[in-house]
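Chemist: Mind looking at a prediction? Sequence and model below.
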Amino acid sequence: MTDKLTELYENKLFRVRELLPDIIETGLKVCNKYFRKDKHIVLNVYASYFQRFINSFDSVDTLLTDIDKNKPFRCDSIALVLRASLLDFLTILYLKSYYEEIKTDLGVNEPNYNSEFRRLLSGQIRRSLMISHIDKESKHFNQDSFKNYIDSVYKKYNYLFKRDSKIDYSNPAASLIDSKPKDEISNSDIRKRLSDLEKQGRKTNHIHIYSLYDLFSKYDHFGTMSILLQWMDLNEKLEHIFWSLFYLVDGISFSMEHLRNDEDIEKEYKLIREHCGHLKGVVFTKSIYLSEEYKKRKSK
């Protein structure tokens, strides 16, 4: 592994670190404006996605500090942050494909956007309730606390539960409309859907996105590949990081498209798209020149 950057990646790193704070600052303004009010669950989901992307960018921005000097190991932590964000974005691409069918009035049959969205919401609840159910075998299990927990979940997300029966506290997950593992949106579901869209001529770039997600997964799950990646050339590591940011700005943009229909964030929407456009340009370019005078002036 070499920690010495080429001129291209030294300049790209400089520009990315210039642009990220602008995206983060504008994004946080949107979060502060939006989260003051209680919204419909669909809007709250996209607001949560948006906030997760902005927080991810903020973490990456912090970890990029001195990465080219004496902190190259921070790439490993950045990989873990971006892995979660890339999966968020792949899920958004999956949902967006069904959302576009609604917008174009194709009259498609189930599964459709609403049912897929419900599957997204139900999956984590089902697993959470199953874990709580297993906890019943523990000596620390408290029946009253368990029931209160189930009741609170039902009260918050009652539209995800079957309405023709009462909750079975012995197996609460069975009361969900989407109550089985196959009812969840899996990685294979997302991959197949996006692959089918590619075959239909709809560009998704999912293969490259999945390759980045898979690469960063090696950091999350230790193995022989994890060791290899730890010693990867710093220029190559930054290339993977920058391309991840390139795709994630589309996740930011799509999330904002939902929010701007419900909140006056048009100024922030235009501004953040401008900043994100500059970032994508920096990542995409194969040649970038920054004078030493410019870098010294901007570093002050």
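Modeler: Perfect, I can see it now.
Chemist: which is the next helix or strand following the least confident helix or strand in the chain by mean pLDDT?
Modeler: Lowest on mean pLDDT, DSSP states H and E among the helices and strands of the chain sits helix 224-230, with a mean of 79. Using DSSP states H and E, the helix or strand that follows helix 224-230 in sequence is helix 234-259.
Chemist: Between helix 234-259 and the helix or strand hosting V45, find me the angle.
Modeler: In the assignment (DSSP H and E), V45 maps to helix 41-63. Compare the direction of helix 41-63 with that of helix 234-259 by axes from the mean of the first three to the mean of the last three C-alpha atoms, to 10 degrees and you get 150 degrees.
Chemist: Okay, buried residues for the next helix or strand after helix 41-63 please.
Modeler: The helix or strand immediately downstream of helix 41-63 is helix 74-103, counting by DSSP H and E. For helix 74-103, a neighbour-count test (16 or more other C-beta atoms under 10 Å) marks 74-75, 78-79, 81-83, 85-99 as buried. Where you see a C-beta, it was placed from the backbone N, CA and C, and this is true even at glycine.
Chemist: likewise stretch 205-213?
Modeler: Buried residues in stretch 205-213, counted by 16+ other C-beta under 10 Å: 206, 209-210, 212-213.
Chemist: quick one: which of those residues sit in helices?
Modeler: 206, 209-210, 212-213 (DSSP state H).
Chemist: Quick check: pLDDT value at K155.
Modeler: With respect to pLDDT, K155 has a value of 89.
Chemist: pLDDT weak spots in the stretch 1-150 of the chain?
Modeler: 1-2, 35-38, 103-111, 131-141 (pLDDT under 70).
Chemist: Could you report the separation of I54 from D66?
Modeler: According to C-beta to C-beta, to the nearest Å, I54 stands 23 Å off from D66.
Chemist: M232 now?
Modeler: M232 sits at a distance of 18 Å from D66 (criterion: C-beta to C-beta).
Chemist: Which one of those two is surrounded by more residues?
Modeler: Set M232 next to D66 and count neighbours by other C-beta atoms under 10 Å: M232 wins out with 16 against 10.
Chemist: Quickly note the distance from S48 to K155.
Modeler: S48 is 19 Å from K155, by C-beta to C-beta.
Chemist: what about these two, which has more around it?
Modeler: S48 (14 against 8).
Chemist: picking that back up, buried ones in the least confident helix or strand of the chain?
Modeler: Neighbour counts using 16+ other C-beta under 10 Å place 229-230 of helix 224-230 among the buried residues.
Chemist: quick thing: my sequence starts at 95, can you match it?
Modeler: In the new numbering, first residue 95, that becomes helix 318-324.
Chemist: how far out from the middle of the chain is that helix?
Modeler: 24 Å (C-alpha atoms, centre = their mean, to the nearest Å).
Chemist: What helices and strands are in contact with it?
Modeler: helix 300-314 (3 or more C-beta pairs under 8 Å, 6 or more residues apart in numbering; DSSP states H and E).
Chemist: For the helix it packs on, enumerate the helices and strands it packs against.
Modeler: The helices and strands touching helix 300-314, judged by 3+ C-beta pairs under 8 Å, 6+ apart, are helix 168-197, helix 281-293, helix 318-324, helix 328-353.
Chemist: Relative to N236, which of the ones you listed is closest?
Modeler: helix 168-197 (31.5 Å; C-beta to C-beta).
Chemist: The next helix or strand after the closest one vs helix 281-293, what angle?
Modeler: Using DSSP H and E, the next helix or strand after helix 168-197 towards the C-terminus is helix 207-228. Interaxial angle, helix 207-228 versus helix 281-293 (the same axes, to 10 degrees): 160 degrees.
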